[in-house]
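K.L.:
fold the following for me, if possible:
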Amino acid sequence: MAVVIRLKSVGTKKKIKHRIVVTDSKSPRDGRFIEEVGVWDPSKEPPILTVKKERVEHWIKNGAKPSDTVRTILNKAAKKK
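P.N.:
Down below sits the predicted model:
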């Protein structure tokens, strides 16, 4: 099972929010997931970003690969703190 860290879309049209989740790579985008590790809401000014840093590090250490978008978001979170 290949594990990835990617975005899951929630909310309604024009009020979209994203959850950063750890999931199997074969699962659909908004389908089942293993663990929720963060929230990203780009509709707010400034965008809201909360990440469980310890859990993200744990999953990456155990072989999970972040998507390109999630990698960018995590880099922004690291620079922010």
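
K.L.:
so what does the least confident helix or strand in the chain by mean pLDDT touch, helix or strand wise?
P.N.:
The helix or strand with the lowest mean pLDDT-type score in the chain, counting by mean pLDDT, DSSP states H and E, is helix 68-80 (a mean of 87). Helix 68-80 makes packing contacts with strand 3-12, strand 35-41, strand 48-51 when contacts are defined by 3 or more Cβ pairs under 8 Å, 6 or more residues apart in numbering; DSSP states H and E. The way it works is simple: take the backbone N, C-alpha and C, and place the C-beta from them, glycine included.

K.L.:
give me the contacts around it.
P.N.:
Counting by Cβ atoms under 8 Å, 6 or more residues apart in numbering, the neighbours of helix 68-80 from elsewhere in the structure are 5-7, 20, 38, 40, 49, 51, 53, 56, 66.

K.L.:
need those in CSV (columns: neighbour count, pLDDT and distance to residue 13).
P.N.:
Supplementary listing: these in CSV, determined by neighbours: other Cβ atoms under 10 Å; pLDDT from 0 to 100; distance: Cβ to Cβ, whole Å:
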residue, neighbour count, pLDDT, distance to residue 13
5, 25, 94, 25
6, 21, 94, 21
7, 18, 93, 17
20, 28, 94, 21
38, 21, 93, 23
40, 19, 92, 18
49, 18, 90, 22
51, 20, 91, 26
53, 14, 91, 31
56, 21, 92, 29
66, 19, 94, 27
